[in-house]
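[1] please find the sequence and the predicted model below.
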Amino acid sequence: MGKPSLKAIAKSGPTRFFNRELSWLAFNRRVLEEAANGAYPLLERLNFLSISGSNLDEFFMVRVAGLKGQQLRKLEDFSIDGRTPTRQLEELALEADALVADQQAMWLELREALAEAGVEVIEGGQLTPSERHWLTEKFDAEIMPVLTPQAIDPAHPFPFVPNGVMGLIFELAPLRGGEDVVELLLVPAGLPRYIQLPKRGKSHRFIRIESVIRAFFDRLFPGFEKRAAGAFRVLRDSDIEVEEEAEDLVRYFRSAILRRRRGRVVRLELSADMPEELVENIVEGLEAEDALTVEAGGLIGIADLHHIVDVDSPELKFEPYSPRFPERIVEYGGDAFAAIRAKDFVVHHPYESFEVVVAFLRQAADDPDVIAIKQTLYRAGKQSEIVDAMVAAAENGKSVTAVVELKARFDEEQNLLWASRLERAGVQVVYGFIDWKTHAKVSMVVRREGEVMRTYCHFGTGNYHPTTARIYTDLSFFTASRRAARDANKLFNFVTGYVPPRRMELLAISPVNLRARIYRLIDAEIENAKAGKPAAIWAKMNSLVDPDVIDRLYLASQHGVSIDLVIRGICCLRPGVEGLSENIRVKSVIGRFLEHSRIFVFANGDRLPHRGAKVFISSADWMPRNLDRRVEYMIPLENPTVHAQVLDQVMTANLIDNEQSWTLQADGSYARVEAGKKRFNLHQYFMNNPSLSGRGHALEGKKVPKLDLSQRG
């Protein structure tokens, strides 16, 4: 390639990148592979299968829908790897169909294994007399009243089918003569997909709602016989594009959420037993001629299997895990402010309880010396103690500001509800920018302490969401640093008042200066390599897509910078290519918990993981949207204890995991890491070792095992 330069790298062409969408499908295949992991209990394997189905549904509703829209508008723009939307759609259809086939095969395997373990999914013909009697009463009382068969003929046009809804279609013949009729039956979302039958001994038996409907066909359609039937499921375009001229963002989103339910059909799943004439009826009725149609050889709606996962069979699930409450707070008698005032500390979720974040805000709400609270809300869940604390604070007379992000995909409706509740309580609710999402996770609490005002800050890599906090690995950083407080306040003023942040002391903020800061950090490693100093980058994130950042990493590799990346999901960087990226290694960790934290480490002239390195946490992945179209933060960890915990423990553990890790190859495939004799599971390690949160006296007499980088997976 000649002398290393960004210009020379660009000339190597688009093949230096992996396709974003195909990389995502590769990630979902790794999720599906966990369903085949014999080391996991059966219901946990079923859960991974369900997650792979849910992931694929969202992929079609958002990513494929976007590509299809480009194709229909004849916008043949190239992806970073040189593919047109049409070519991508063709390749994605093949990959997705192969993935669906493997999901179906996995379902058959798990269904058989679960039945042997006492959890069965049966068909109507397998009902015992007592089960049929029980189900008859349930059908008449609870199911049939909400079912509405509709004839399809010139007088009864094809009805609207909402996104994600399953339907049944029948061709019926009257028993006493007359013309055949076509009947459509939509399964209301309020009905359970899987009905649990009365328990017999230790076994659990389920039956699908569509099997129930077919089993009681004669009660729904008396006087008819069934000539043909089939099931189908619809996925619609569910992305919401915000128009710049939107005058009222709240009103716009309320109407946009309704429009989403009526979006263009992007995927149509059909049961394998459906005859061609009924298929034509459905395609024409749904105006789905441009949709990607797939014939499901088995179960339609893999995502719905999560209803079975909840069954009461603890022996078929992971041993329950209870997060520890951070010992640092316990040392100070539960006083979060005293603990933060004494020293910065970091909390590692889900191993340490998210309750510490809730307790921090509750204490702020009840403390008479607290003057003001500022908080971002991206995804807060349906039952949010964070929102409760903010409401209580406002009702206690404090100045409370909430930045509620309406553009958080699939949480828009819930966030509108939270915004209304907060406003009713007297909270100043701000929706931020029209065209940028506020994705930064930041809290500020301003407290009067004698003659001074002190600000306590929380910076999170994850959402203020109580449910995901139990399964996502994230970091919460608490500090009373005045520099951090001044920067956090500028971030809030930027979002609420569009005041450009200047003279930042610690934070880098996108879309203002985060991209430039990352460039400078990578460039500094290149200069160190040129000078013969140790030069290395360790980075952990969910996705790596940004082509300019990737090219800079390629340049760093060509100059001899050692680069290790832990990328859970999408990775468009091609590692291990001679002359381009031979010094870059990429791995993905998929396991019991979802790796979600963003950690960036730069050697800074020292050998990793030594203390001289620069360590940052962030809310941002390295993607164009995060660096250019979202409000994000990145903050350095300067406290020596926190620095060591994140670098020596969290980051190092991710690098040396060899039980849940996959290595990305230069051809785009992933190979599962072979554990060998020295097995290391990072999730088990943090579940079984003491708190990270500024351990202090809480760990006297305890020894945390030292992690050895020679185990690197």
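    Yes, it's here. Numbers count the residues shown, from 1 in each chain.

[2] pLDDT at Arg251, what is it?
    For Arg251, the pLDDT comes out at 50.

[3] make that Arg262, sorry
    Predicted confidence (pLDDT) for Arg262: 56.

[4] equivalent analysis for the one 4 residues further on, please.
    According to the prediction, Val266 has pLDDT 90.

[5] that one belongs to a strand?
    Yes. Assessed by DSSP: H, G, I helix; E, B strand; the rest coil, Val266 belongs to a strand.

[6] leaving out sequence neighbours, find the closest residue to it.
    Counting by Cβ to Cβ, 6 or more residues apart in numbering, Val266 lies nearest to Ala65, which is 4.6 Å off, once chain neighbours are set aside. From N, CA and C alone the C-beta is placed, and that goes for glycine too.

[7] then Phe478?
    Distances taken as Cβ to Cβ, 6+ apart place Ile340 nearest to Phe478, at 4.7 Å, with adjacent residues excluded.

[8] and that neighbour, which of the three is it?
    Ile340 ends up helix, using three-state DSSP.

[9] number of residues surrounding it?
    Neighbour count for Ile340, taken as other Cβ atoms under 10 Å: 24.

[10] could you do Gly53 as well?
    Neighbours of Gly53 (other Cβ under 10 Å): 24.

[11] was I right about it contacting Ala303?
    Yes. Using Cβ atoms under 8 Å, Gly53 makes contact with Ala303 at a distance of 3.8 Å.

[12] returning to what we had before: how about the residue nearest to Phe478, what does it touch?
    By Cβ atoms under 8 Å, 6 or more residues apart in numbering, the contact set of Ile340 is 456, 478-480.

[13] one more time with 10 Å
    328-329, 332, 360, 445, 454, 456-458, 478-481, 694 (Cβ atoms under 10 Å, 6 or more residues apart in numbering).

[14] and Leu491, by the same measure?
    Contacts of Leu491 (Cβ under 10 Å, 6+ apart): 374, 376, 403, 438, 440, 442, 444, 501, 504, 507, 509, 512, 631-633.

[15] swap in 8 Å and give it another go.
    Per Cβ under 8 Å, 6+ apart, neighbours of Leu491: 440, 442, 501, 507, 509, 631, 633.

[16] let me know the secondary structure of Ile195.
    Recorded secondary structure, Ile195: strand (three-state DSSP).

[17] got the confidence number for it?
    In this prediction, Ile195 carries a pLDDT score of 96.

[18] bridging residues for it?
    With DSSP bridges as the criterion, Ile195 is bridged to Ile207.

[19] how many neighbouring residues does Phe318 have?
    12.

[20] again, but for the one 4 residues further on
    Under the neighbour criterion other Cβ under 10 Å, Ser322 is assigned a count of 7.

[21] ok, now Val165?
    Counted with other Cβ under 10 Å, Val165 comes out at 18.

[22] pretty sure it is touching Arg233, no?
    Yes. Using Cβ under 8 Å, Val165 is in contact with Arg233, at 7.2 Å.

[23] just the strands in the stretch 251-400 of the chain please.
    Taking DSSP state E, counting those that start in this stretch, the strands of the stretch 251-400 of the chain run over residues 265-271, 292-296, 345-349, 370-377, 399-404.

[24] for the third one, packing partners?
    What it means is strand 345-349. Counting contacts by 3 or more Cβ pairs under 8 Å, 6 or more residues apart in numbering; DSSP states H and E, strand 345-349 packs against strand 472-479, helix 640-644.

[25] could you give the angle of the first one to strand 345-349?
    This points to strand 472-479. Interaxial angle, strand 472-479 versus strand 345-349 (axes from the mean of the first three to the mean of the last three Cα atoms, to 10 degrees): 170 degrees.

[26] packing partners for strand 472-479?
    Short answer (3+ Cβ pairs under 8 Å, 6+ apart): strand 472-479 packs on helix 336-342, strand 345-349, helix 355-366, strand 452-460, strand 594-595.

[27] circling back to that earlier point, out of the strands of the stretch 251-400 of the chain, nearest to Ile169?
    strand 265-271 (9.5 Å; Cβ to Cβ).

[28] and that closest one, how far from the chain's centre?
    24 Å (Cα atoms, centre = their mean, to the nearest Å).

[29] other residues contacting that strand?
    60-61, 64-65, 68, 230-237, 279, 282-283, 286-288, 291-296, 300-301.

[30] if we can go back for a sec, which neighbours do Val165 and Arg233 share?
    With Cβ under 8 Å, 6+ apart, Val165 and Arg233 have no common neighbours.

[31] correct me if wrong: Asn47 contacts His306.
    Yes. Taking contacts as Cβ under 8 Å, Asn47 lies within contact range of His306: 6.6 Å.
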